[in-house]
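Asks: sequence isn't available, so here's the structure alone:
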C-alpha cells in the first residue's frame, strides 16, 4: 500500500511538472497540471497520514486537510519539506531520559535560630524525618530544629517525638514542650499581676488567650485542660464586663465549644457577629455548635458559608458535606 502510494505520488507529480515545463503555457495545460498535482498531493497525504503516530492522526479531517493543502499550495517544496520532517521525527527522535529523579546531597539540619529552618525544612519535612529516618542522631537534630518553628507547628511535632524509641529524642522533645508550657505560664503570671494592678479589658483578654493557647496547642490534657478552659472563660467574662468586644466573644464561643456547651456558645457567637464580625468568620463555630446539638440541617446551612479555597481544612469539610 505504501509503495503504491509512493509510486503514484511520484508519477502524477512528474506528469504535472512535465506539462508545465515541456508544453506551451495554455489554460488547458494549467488545468492538467493542477489535476495531476492534486492527485499527487492526495496520494502523498494518504502516505503521510499512514506514517504519522496515532496521537497525530486525529482529528482525521483536520490532519488530512492540513497535509493536503500544505502540499497543494507549495508544489514539490511542500512534499520535500514534509518528507524531511517525517523522516527526522520518525528515525531521529529526541532522546528521552528514563531517569525521573535527581539525586541531591543530604542537607544538614539547622540547630540554631536564624539558620533558615523554614527555607529548606518545613513542618512536613521534619515530620517525615521523625517518622521514617532510621538515624537517631538525625531525629535528634530534627527535634532541635522543630524548636525554632512557630508554636502551632512545633507542638504537634514534639508530641510525635515523645513516641520515639530513642531516649535522647524523647527527653529533648519533653524538655522542649515543658519549656513552651513554662514560657506561657510565666506570661500568664505576669499578665495576672498587671491585671491585679489595673484591671483592663485588654489584659483580661490576653490572659484568656494564653490559657486558650495551652489548650489549643494540645499541651494541656484531661483535668488540667478543663481547668485552663474554665480560667479562659472566667477572664473572657471579666473582659466583657469591662467592655464587650467581638473578638472576646468569638474566643469565648470557642472556649464554650471546647467544653461541649453548644447551647451557651451560640448566643455568644451571635453577639460576636452583632459586634462586627462577618458570618463567614463565625460560621465554622456556629456549624460546630449545630453539629454538637445534632442539628445537621442547620450545620449544613452554616457550612455553605465556609471558604472554598482548595487545600484548606474548612474547604475539605465543605466538600465532604456536599
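Replies: Perfect, I can see it now. This structure is a prediction, so every number in the text was calculated from the model and none was measured.

Asks: tell me the SS of residue 252?
Replies: Here residue 252 takes the helix state, with states given by DSSP: H, G, I helix; E, B strand; the rest coil.

Asks: residues contacting it?
Replies: When contacts are counted by Cβ atoms under 8 Å, 6 or more residues apart in numbering, residue 252 touches 208, 233, 236, 237, 240, 265, 268. C-beta here means a position set from N, CA and C on the backbone, and glycine is covered the same way.

Asks: correct me if wrong: the third one contacts residue 208.
Replies: Yes - with contact defined as Cβ atoms under 8 Å, residue 236 and residue 208 form a contacting pair (4.6 Å).

Asks: anything in contact with each of the two?
Replies: In contact with both residue 236 and residue 208: 248, 251, 252, 255, using Cβ under 8 Å, 6+ apart.

Asks: tally of neighbours for the last one?
Replies: Residue 255: 27 surrounding residues under other Cβ atoms under 10 Å.

Asks: only the buried subset of the contacts of residue 252, as a PyMOL command please.
Replies: Selection of buried members from the contacts of residue 252 for PyMOL, criterion 16 or more other Cβ atoms under 10 Å:
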select buried, resi 208+233+236+240+265+268
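
Asks: what is the nearest of the shared contacts of residue 236 and residue 208 to residue 70?
Replies: residue 251 (70.6 Å; Cβ to Cβ).

Asks: shouldn't the closest one be in contact with residue 235?
Replies: No - using Cβ under 8 Å as the test, residue 251 is too far from residue 235 to be in contact (10.0 Å).

Asks: identify the contacts common to the two.
Replies: With contacts defined as Cβ under 8 Å, 6+ apart, the residues shared by residue 251 and residue 235 are 205, 208.

Asks: quick one, which of those two is more surrounded?
Replies: Set residue 251 next to residue 235 and count neighbours by other Cβ under 10 Å: residue 235 wins out with 28 against 22.

Asks: and that one, how far is that from residue 224?
Replies: 17 Å (Cβ to Cβ, to the nearest Å).

Asks: repeat that for residue 159.
Replies: 15 Å.

Asks: pick out whichever of the two has more residues nearby.
Replies: The neighbour count for residue 159 versus residue 224, taken as other Cβ under 10 Å, is higher for residue 159 (15 against 12).

Asks: now the phi/psi pair for that one, please.
Replies: phi -70, psi -30 (degrees, to the nearest 10).

Asks: check the one 3 residues further on too.
Replies: For residue 162, the backbone dihedrals are phi -60, psi -20 (criterion: degrees, to the nearest 10).

Asks: what does residue 282 give?
Replies: The phi/psi pair for residue 282 (degrees, to the nearest 10) reads phi -100, psi -20.

Asks: over to residue 275?
Replies: Note on residue 275: backbone dihedrals following degrees, to the nearest 10 are phi -80, psi 0.

Asks: now the helices for the stretch 151-300 of the chain?
Replies: 151-161, 167-197, 201-216, 222-242, 246-258, 262-274, 279-292, 296-303 (DSSP state H, counting those that start in this stretch).

Asks: quick one: closest of those helices to residue 318.
Replies: helix 296-303 (5.5 Å).

Asks: residue contacts, residue 290?
Replies: If a contact means Cβ under 8 Å, 6+ apart, then residue 290 has 262, 296, 298, 299, 301, 302 as its contacts.

Asks: and those residues, which two are the farthest apart?
Replies: 262 and 301 (15.0 Å).

Asks: quick one on the thing from earlier: ok, the shared contacts of residue 236 and residue 208 vs residue 284, which is closest?
Replies: Nearest to residue 284 among the shared contacts of residue 236 and residue 208, counting by Cβ to Cβ, is residue 251 at 13.5 Å.

Asks: and that closest one, what does it touch?
Replies: Residue 251 makes contact with 205, 208, 209, 212, 232, 236, according to Cβ under 8 Å, 6+ apart.

Asks: and if you look at residue 233?
Replies: 208, 252, 255, 256, 259.

Asks: follow-up on the earlier one: and which of the contacts of residue 252 is nearest to residue 146?
Replies: For the contacts of residue 252, with residue 146 as the reference and Cβ to Cβ as the criterion, the closest is residue 208, at 27.2 Å.

Asks: and for residue 319, the neighbour number?
Replies: 12.

Asks: look at it and tell me its secondary structure.
Replies: When classified by three-state DSSP, residue 319 comes out as helix.

Asks: so what's the predicted local confidence for it?
Replies: With respect to pLDDT, residue 319 scores 79.

Asks: how about residue 261?
Replies: Predicted confidence (pLDDT) for residue 261: 92.

Asks: quickly note the distance from it to residue 217.
Replies: Using Cβ to Cβ, we find residue 261 at a distance of 21 Å from residue 217.

Asks: then residue 231?
Replies: 15 Å.

Asks: what's the following helix or strand after the lowest-mean-pLDDT helix or strand in the chain?
Replies: Least confident helix or strand, the chain: helix 117-120 with a mean of 46, by mean pLDDT, DSSP states H and E. Moving toward the C-terminus from helix 117-120, the next helix or strand (DSSP states H and E) is helix 123-132.
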